[in-house]
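Trainee: coordinates only, sequence not included:
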């Protein structure tokens, strides 16, 4: 109580961070200090019993705290932002529950009992962590998404490539469903009540945790052409001021200005240049033009034109014929059927490689998705996501797709690119257009074929183009006449003869792509980030996770229950029933695989094996807000 009183009296000297959808507050009473924590650093007071990781704060403000006995809090991580012993950090969470450090090498004593291996955006991981929190079980959350060696060690230790994987008191518990079952029948609490094991994790996992992750591609670096020096940032701030900044044209022109108006303003702003000696006016205007071009190259100022300009034509023209706009004032409203990433034109600097741009964008949207995924992993708070500044930073970053080149991509890189862009575009469109239209069949068809659209390399792609055009080798969609009549030759793919996009298709088709694509419905697989380097691992993991949850083998009734996906895209999984059933074998859990192998051995032509396709849940995965 006295500690809480101290927090109340000292709040005025601290910084308050609002954690958005979590609705929790954090007060930093003094400036936090970046340290390399080798031993737990105790805080002098404990004012809350259950403390979550504040993952929604900026990286420099992330606070990682653990519950300790005897009213002591400690923090331990390789790069944790913690306070000096004299400084107190108070956290008041909305929900009671303990989340732990993301990547400590050594487990604190209070966290030895439960370890959860997870990835961002995983509904089953959210579900497992919620169940532990509701049962007041402290746990350590280890993100394996960016560490391939740790993922391999985890698969070897558990026999599974899916997440979450949970260890408790030195024993492997399993995934989310197993955890929930064990909590329900009481066996999980019995496991925790046993004497602690001398080893929290198997030696292979402990060793993998000690090793630094392999260097990843620079997919999270700032988009090319968006960096500004401090001087230019100050100039841009002045330029943007509505009272003293560059004069904008009438409201109907959406805040545009001509190149001449911009250079005139820059001349006035740079008084030292405009007041120089003889010949100074020409020199000063040249300096102003060079400064304006720098702002254009950083995409702080953008060209306003109906058609996408060539990079070579993106210059600041000193006339009244060319219009420009501040990127920060680019229109945000997007009409149904317009590309979602052409609110400004990218350039004149070239874009980064298509694969790196896609991984960057996918990582951004995945982080947002994870932040607004409900604690039970079943729904996304799309409306709240739309209010996040980070989402609009993502939207601005998508403009770089206008200038990417798909030509150099290998088959694997093209697959990873299209998967990542499909999943990112789906979420982007749901946030911008809302979820109401998606709830009806006509609206859903229009969503995939018209509304969810990006300009990629100068050509426009909707979700159907990314899936059926690129990933399925330009095959007809499930709703085409040929596919509905099971005569696929009657219909064509989305890229017609002469379409330049037909140069970039994946051949041969890998049917596992169907397990990687999200659709916003409740029956879709969880989203992930894919790269060409780890594509095979990612596709296999997606197939295993999908088959474990959506494929049921019933040997007693000689029946196999499948997702509707296998019916809609039957030509992708094999030319006949036997081939499609055999496709499943490598990805089924051991028991189901053994049952299906025995069924096929007894009936090689599968004449007496009944295949059923379960109804698809098209209800939108949006949370009530």
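Mentor: Now that the structure is in, tell me what you want to look at. Please read these numbers as outputs of a predicted model, since none were measured by experiment. Numbers count the residues shown, from 1 in each chain.

Trainee: drop to CA atoms for contacts and neighbour counts, all remaining ones
Mentor: Noted.

Trainee: helices of the stretch 201-350 of the chain, residue ranges please.
Mentor: Secondary structure of the stretch 201-350 of the chain (DSSP state H, counting those that start in this stretch): helices at 203-210, 230-240, 259-269, 271-274, 280-297.

Trainee: in TSV: these, plus mean neighbour count, distance to residue 407 and mean pLDDT.
Mentor: As requested, the helices of the stretch 201-350 of the chain are arranged in TSV below (neighbours: other CA atoms under 10 Å; distance: least, CA to CA, whole Å; pLDDT from 0 to 100):
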stretch	mean neighbour count	distance to residue 407	mean pLDDT
helix 203-210	16	37	88
helix 230-240	14	35	92
helix 259-269	20	35	93
helix 271-274	14	45	53
helix 280-297	19	24	88
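
Trainee: mind checking the ones you listed for the one nearest to residue 545?
Mentor: Taking CA to CA as the criterion, residue 545 comes closest to helix 203-210 out of the helices of the stretch 201-350 of the chain, the separation being 21.3 Å.

Trainee: packing partners for that closest one?
Mentor: Counting contacts by 3 or more CA pairs under 8 Å, 6 or more residues apart in numbering; DSSP states H and E, the secondary-structure elements packed against helix 203-210 are helix 148-158.

Trainee: who's in contact with whatever helix or strand comes next after the helix it packs on?
Mentor: The helix or strand immediately downstream of helix 148-158 is strand 165-168, counting by DSSP states H and E. Strand 165-168 is contacted from outside by 113-118, 158, 172-176, 179, 191-192, 200-201, using CA atoms under 8 Å, 6 or more residues apart in numbering.

Trainee: which outside residues touch the next helix or strand after strand 165-168?
Mentor: Next in sequence after strand 165-168, counting helices and strands by DSSP H and E, comes strand 171-174. Where contact means CA under 8 Å, 6+ apart, the residues beyond strand 171-174 that reach it are 158, 164, 165, 166, 167, 179, 200, 201.

Trainee: what is the neighbour count of the fourth one?
Mentor: In this case it means residue 166. Around residue 166 there are 25 other residues, counting by other CA atoms under 10 Å.

Trainee: which residues does it bridge with?
Mentor: residue 116, residue 174 (DSSP bridges).

Trainee: and it, how far is that from residue 541?
Mentor: 17 Å (CA to CA, to the nearest Å).

Trainee: and the helices in the stretch 451-600 of the chain?
Mentor: Using DSSP H, counting those that start in this stretch, the helices of the stretch 451-600 of the chain run over 463-464, 481-484, 535-550, 564-568, 570-573, 577-584, 590-602.

Trainee: leaving out the residues flanking it, which one is nearest to residue 332?
Mentor: residue 343 (7.0 Å; CA to CA, 6 or more residues apart in numbering).

Trainee: tell me who's in contact with the most centrally placed residue in the chain.
Mentor: Ranked by distance to the mean C-alpha position of the chain (CA atoms, centre = their mean), the top residue is residue 366 at 1.1 Å. Contact partners of residue 366, counting by CA under 8 Å, 6+ apart, are 120, 121, 424, 527, 528, 529.

Trainee: mind checking which of those residues are buried?
Mentor: 120, 121, 424, 527, 528, 529 (16 or more other CA atoms under 10 Å).

Trainee: need the contact list for residue 331.
Mentor: 254, 343.

Trainee: got phi/psi on it?
Mentor: With angles defined as degrees, to the nearest 10, residue 331 shows backbone torsions of phi -60, psi 140.
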